[in-house]
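Participant: one predicted model, sequence on top.
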Amino acid sequence: MIDWREYRNHQIGDGDTLLIRTPWDDAEYPDEFKRWLTLLKAQNVNCFNHPDLILWTTDKDLYLQELQDRGVPIVPTRVWCGDNNLKKFKYLLRKCLHQWSPLGYRGLVIKPTVGCMGKNVKLVEDVDGLSHVPDRSCLVQPFLGTVKALGEISVVIYLDVNHQGSLPSLKTYYCPRLHRPVAMRYFAVQKFPPAGRITVQGGKHYPYEVPTSSRYAKISCEVMQMVYQKGLGLPLWFRIDFLTDVKGEPVVSELESIPGLFFKEMPVAHLDCLYRSLQVLLATRVATAE
């Protein structure tokens, strides 16, 4: 186990394999983290997930816009680029309220474009009462109050290189490096915010049934196909977070390529399947993104 911020002190190079799991301070040092990922790629380190995939999911504004352009339903989003002008910021918020309030949304959510763990996420209900501008680029989104009753649904996706059994699968791909078909398996978790909060961090989690015929599964399949077509490869693990809009339809709120995997809620059969895939990938040192 290594600390990514101490990477200059570690001898990682061509042919080595690295599982990128819990760099939870990456959002505090985004430029340094991106340089580290670029260095790993240049040194031909077999990374899970691939640096290009992690880089793509680092900036929420960029991938959400790309998802929307591909027809994937997302939480309505506008971007504030960090201009230190309170008057302009309030104008943007009022414009958003004018657009979204007639649709049934109440209040706005402000979140950093690069962030994790629900940090610096704010609910704005009184634009006139704002006294400062965010010190970084951020997303402006309508507050989806359905999170209180319906929670946030996380579809956790992982790679099954053995392609055996009957666990739920989004899609099957052929992996040239392994010379075999592989499956993208999944399970889901329902997460609720703690009392008095709008983010789900620190709240209760429950297993959640997502049939392969559901909108959650179909949208997840679209996202994974988009990842594959972009040349970002097949992730070892991935997560798609959904909220419910005012029409009762699932919409993508975030993507995670270094996801929390909810081991407590993960069914044993899925845990065993993921473990067996890890054994194969670590033994063969195959980077499935290639």
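Facilitator: In hand now; what should we look at?
Participant: and the residue lying closest to Pro235 once chain neighbours are set aside, how close does it get to Leu236?
Facilitator: Excluding its sequence neighbours, the residue lying closest to Pro235 (C-beta to C-beta, 6 or more residues apart in numbering) is Asn49, at 4.6 Å. All C-beta spots, glycine's among them, are computed from the backbone N, C-alpha and C. Going from Asn49 to Leu236 by C-beta to C-beta, to the nearest Å gives 6 Å.
Participant: and for Asp52?
Facilitator: For Asp52, the distance to Leu236 - C-beta to C-beta - is 14 Å.
Participant: who's more crowded, the two?
Facilitator: Leu236 (24 against 17; other C-beta atoms under 10 Å).
Participant: off-centre distance for the longest strand along the chain?
Facilitator: For the chain, the longest strand by residue count, based on DSSP state E, is strand 180-191. Distance of strand 180-191 from the chain centroid (C-alpha atoms, centre = their mean, to the nearest Å) equals 14 Å.
Participant: which elements pack onto that strand?
Facilitator: strand 152-160, strand 169-175, strand 205-208, helix 215-229, helix 268-284 (3 or more C-beta pairs under 8 Å, 6 or more residues apart in numbering; DSSP states H and E).
Participant: now stretch 94-106: buried residues?
Facilitator: Cys96, Leu97, Trp100, Tyr105 (16 or more other C-beta atoms under 10 Å).
Participant: show me where the stretch 1-150 of the chain has its helices.
Facilitator: Per DSSP state H, counting those that start in this stretch, the stretch 1-150 of the chain carries helices over the ranges 30-42, 51-56, 60-69, 86-100, 146-150.
Participant: which residues touch the longest one?
Facilitator: Among residues not part of helix 86-100, those counted as contacts by C-beta atoms under 8 Å, 6 or more residues apart in numbering are 76, 78, 80, 83, 108, 124, 127-128, 130-134, 140, 142.
Participant: of those residues, buried ones?
Facilitator: The buried subset of these - by 16+ other C-beta under 10 Å - is Pro76, Arg78, Trp80, Leu108, Val124, Val133, Pro134, Val140, Pro142.
Participant: and of these, the nearest to Arg197?
Facilitator: Val124 (14.9 Å; C-beta to C-beta).
Participant: with Ser214 as the reference, measure out to Leu108.
Facilitator: 29 Å.
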